[in-house]
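**Student:** Give the three-dimensional model of this entry:
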Amino acid sequence: VFFPSQGKYSQVCGLVVGYQQGSMDSFAPNRIDVKTINDVYVDGISITHGNPRQHLWTYAVGLREKVTSSCNRCPGDIADYPVSCIPDFVGNDYYCETGWVSSFTRGRHVWDDPLWDGKGCHLSTAHSCDRYGWFHKQVNTTTDYIEVRLCADGGSTTTEDVLAELIEIWVL
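**Tutor:** You can find the predicted model right below:
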């Protein structure tokens with residue numbers, strides 16, 4: 001979805017509330033070799049501006065808290081999370097959370113644990129819940145449109161999906 005600006009801006013603030021369905025994989029999409037800003041580089045929500053796209057913020061969805069494949073989890077949930085999993089253009093401009101603790105059910109939504117609210121982390125090592133809420137990003141003054149993409153690489157919304165209850169974007 002593209003949102004036109006109503007004039008010049010140099011700051012972007014936003015908040016997203018969503019829900020997980022199935023087996024979201026954080027920064028480990030099926031095609032690990034494809035991680036440009038134009039690809040499905042994350043299972044979650046990508047917020048960009050301009051043409052060519054420039055990254056503003058990413059709301060990633062991890063598979064579950066207890067998982068052995070580290071790139072499928074949220075960064076911060078394990079000490080040895082490979083930094084190479086996060087695309088360079090994302091940097092630290094992301095939030096990540098999962099609705100599942102130890103197992104997931106294909107096609108099932110996690111309605112009882114909204115994403116990116118800092119709540120619902122059950123493991124003492126799940127530090128992804130430490131980073132959540134509104135994002136704030138300084139940009140060069142522009143009139144670029146804002147683009148919000150809901151991304152999932154599972155090939156079918158019955159396998160995995162992210163549902164957005166609220167997407168609020170402010171430009172200043």
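**Student:** Which other helices and strands does the longest strand belonging to the chain contact?
**Tutor:** Assignment by DSSP state E gives strand 9-22 as the longest strand of the chain. For strand 9-22, the elements it packs on are strand 44-49, strand 54-61, strand 135-142, strand 160-171, judged by 3 or more C-beta pairs under 8 Å, 6 or more residues apart in numbering; DSSP states H and E. Bear in mind the C-beta positions are built from the backbone N, C-alpha and C, glycine included.
**Student:** Could I get the pLDDT score of the spatially closest residue to His49 that is not a sequence neighbour?
**Tutor:** Excluding its sequence neighbours, the residue lying closest to His49 (C-beta to C-beta, 6 or more residues apart in numbering) is Asp144, at 4.2 Å. As predicted, Asp144 sits at a pLDDT of 97.
**Student:** Quick check: Asp144 touching Ser5?
**Tutor:** Yes - using C-beta atoms under 8 Å, Asp144 is in contact with Ser5, at 6.6 Å.
**Student:** The two: which is more packed in?
**Tutor:** Remark: of Asp144 and Ser5, Asp144 carries more neighbours, 20 against 15, as counted by other C-beta atoms under 10 Å.
**Student:** can you give me phi and psi for that one?
**Tutor:** When quoted as degrees, to the nearest 10, the phi and psi of Asp144 stand at phi -50, psi 150.
**Student:** With Val171 as the reference, measure out to it.
**Tutor:** For Asp144, the distance to Val171 equals 9 Å [C-beta to C-beta, to the nearest Å].
**Student:** what's the overlap in contacts for the two?
**Tutor:** Ser5 (C-beta atoms under 8 Å, 6 or more residues apart in numbering).
**Student:** Sketch out the low-pLDDT regions of this protein for me.
**Tutor:** 29-34, 66-69, 76-81, 102-108, 122-129, 155-158 (pLDDT under 70).
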